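>>> attaching a predicted model along with its sequence, questions to come.
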There are 2 protein chains.
Amino acid sequence: MAAHAPHPDAPTGPVPVTPPGRVPGLRERKKQQTRDALVQAAHVLFLGQGFAQTTVDEIATAVDVSQRTFFRYFANKDEVALAVMADAEDYFIECLRHRPAAETPLQALRASIVKAWRDLGSAEHTGLGSIHSALELMRMIEETPTLLAAHLRRVTEQERVVVQVIAEREGLDPALDLRPTVLAAVFGSVLRAAHLSWTADQEPAGPEGMIALIERHFDQLGPALAGHWRS
Amino acid sequence: MAAHAPHPDAPTGPVPVTPPGRVPGLRERKKQQTRDALVQAAHVLFLGQGFAQTTVDEIATAVDVSQRTFFRYFANKDEVALAVMADAEDYFIECLRHRPAAETPLQALRASIVKAWRDLGSAEHTGLGSIHSALELMRMIEETPTLLAAHLRRVTEQERVVVQVIAEREGLDPALDLRPTVLAAVFGSVLRAAHLSWTADQEPAGPEGMIALIERHFDQLGPALAGHWRS
DNA sequence: CAGATTATGTCAGTCGCTGACAATGGGCAA
DNA sequence: TTGCCCATTGTCAGCGACTGACATAATCTG
């Protein structure tokens, strides 16, 4: 589920981070707890009264912490809304890392999102928040300019990670060979197109519906790049 | 150069908009003037002391208008920084609209950005601000999270326009045929990859260098999507 | 030259976000 | 257990982005 450093600090110094298999300890647990509570409360409020209409104060007092504490967990209001998406993306990267080397890069990418969606869809809860509410979130993101902007930025950052993973997988240097970069970019854009057409749909089809949409978009990659369309 | 409505309002009512070939009139001219001055002043300040370190007040007083007036021209601080990019994108769309129908959709897109960059590069000034300062702007955008986010959002909005133009061009309904959407997405992502590698370069190569970069990235489209890379 | 429009300035206020400092409370060694 | 260290939190004060409301000044229309 990836740690997600509280925010400005990434200690990395002595060893405040949980040693591999050790029990987190009370302090760490409470932290995770309030973080989760903040995300939870924020989602409820956002979906109930809208993103802009919800103040950070409301979220904080709902969890009974100070506003200042909220900002120690999230750099800004956007971040708390995008938290679940971030976790999902991390899981996708994990899937990608475990793909068999025999697969084509494009195949590996495609198989990874499908797997990620299927797993997160069946798991019912990604640690918190069902897939269902995550989907409502996606629609909200698409409708809220500032959120959409922040989300797109996150996505492009993840794309860099994808470039790195693909490059390692194929034993290439992304600085010399443009293919990993281009592939990651194309992959990301196709995914986003699928997301968009998903949220545009009035029908809130389940995760399986989303997977179907993704597949359909990928299937159009070849035809779209092909020569003349009227033949 | 596309109107860019002052902001919250889009009259469209009687006819305050300039009738086709009529002289703009004093009021309109002064408006355009202060708008340009604001963009100009903002760029100087941004490049000189950084985006975050520049307050809206500074920009406004530099042009000798109130802060409130600034916000009547631009919805937020981001917008004034992205204004030139927006104009460039509008010009690109214009180029795309005039591409011969004989070209493949992908060819038309590719030819359009190249033409857009070349024209804007040789024109020396896009109405204001040379290409050179525009390039510095791009680097700043890439380095400033909030600006990057806003820029990405703008880009995806332009992608919708591209979808529309391509669909009309080929006589398709984008709701039924996914190819325009997928193509636009892929095109946008490849372009962005080129932009990124541009700003990553220490060498501030001119517009021609950028065109070369774009071409190189497009040439990798096929190879990137092809099967196994190690053959 | 009126009188209708429209851009602009002023003012006051909300909200996102941050630095500084003090207080609380868990982690841990003696 | 005791007591020290340090992390987390709360409080406070403040800056800057942004907005609504209203008054003023400028342009445009006839």
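Cool, the structure landed. Residues are numbered from 1 along each chain as shown, chains lettered A, B, ... in the order given.
>>> and stretch A:153-167, what's buried?
The neighbour-count check on stretch A:153-167 (16 or more other C-beta atoms under 10 Å in any protein chain shown) flags A:Arg153, A:Arg154, A:Val155, A:Thr156, A:Gln158, A:Glu159, A:Val161, A:Val162, A:Val163, A:Val165, A:Ile166, A:Ala167 as buried. In short, each C-beta sits where N, CA and C put it, glycine included.
>>> what's the angle from the lengthiest helix in chain A to helix B:145-170?
Longest helix in chain A, counting residues (DSSP state H): helix A:145-170. On the basis of axes from the mean of the first three to the mean of the last three C-alpha atoms, to 10 degrees, helix A:145-170 is oriented at 90 degrees to helix B:145-170.
>>> picking that back up, and which of the buried residues of stretch A:153-167 is nearest to chain B?
Nearest to chain B among the buried residues of stretch A:153-167 is A:Arg153, at 4.1 Å by C-beta to the nearest C-beta.
>>> which residue packs closest to the closest one, ignoring adjacent ones?
B:Ala149 (4.1 Å; C-beta to C-beta, 6 or more residues apart in numbering or on different chains).
>>> residues in contact with the residue of chain A found nearest DNA strand C?
With C-beta to the nearest atom of the strand, the shortest gap between chain A and DNA strand C falls at A:Asn76, namely 3.0 Å. Taking C-beta atoms under 8 Å, 6 or more residues apart in numbering or on different chains, we find A:Asn76 in contact with A:Ala150.
>>> look up how far DNA strand D lies from it.
12 Å (C-beta to the nearest atom of the strand, to the nearest Å).
>>> again with A:His132
On the measure of C-beta to the nearest atom of the strand, A:His132 and DNA strand D end up 28 Å apart.
>>> for the helix or strand that contains that residue, name the packing helices and strands.
Using DSSP states H and E, A:His132 sits in helix A:131-143. Helix A:131-143 sits against helix A:26-49, helix A:77-97, helix A:105-123, helix A:145-170, helix A:179-200, with contacts defined as 3 or more C-beta pairs under 8 Å, 6 or more residues apart in numbering or on different chains; DSSP states H and E.
>>> swap in 10 Å and give it another go.
Judged by 3 or more C-beta pairs under 10 Å, 6 or more residues apart in numbering or on different chains; DSSP states H and E, helix A:131-143 is in contact with helix A:26-49, helix A:77-97, helix A:105-123, helix A:145-170, helix A:179-200, helix A:207-219.
>>> most neighbours per residue, which of the ones you listed?
By mean neighbour count, with neighbours taken as mean count of other C-beta atoms under 10 Å in any protein chain shown, helix A:179-200 ranks first of those at a mean of 23.
>>> between that helix and helix A:105-123, how many degrees?
Using the same axes, to 10 degrees, helix A:179-200 lies at 40 degrees relative to helix A:105-123.
>>> what's the angle from helix A:179-200 to helix A:77-97?
Between helix A:179-200 and helix A:77-97, the angle comes out at 120 degrees (the same axes, to 10 degrees).
>>> coming back round to it: how about TSV for the helices and strands packed on helix A:131-143, with mean pLDDT added?
Formatted as TSV, the helices and strands packed on helix A:131-143 follow (pLDDT from 0 to 100):
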stretch	mean pLDDT
helix A:26-49	94
helix A:77-97	95
helix A:105-123	92
helix A:145-170	97
helix A:179-200	94
helix A:207-219	92
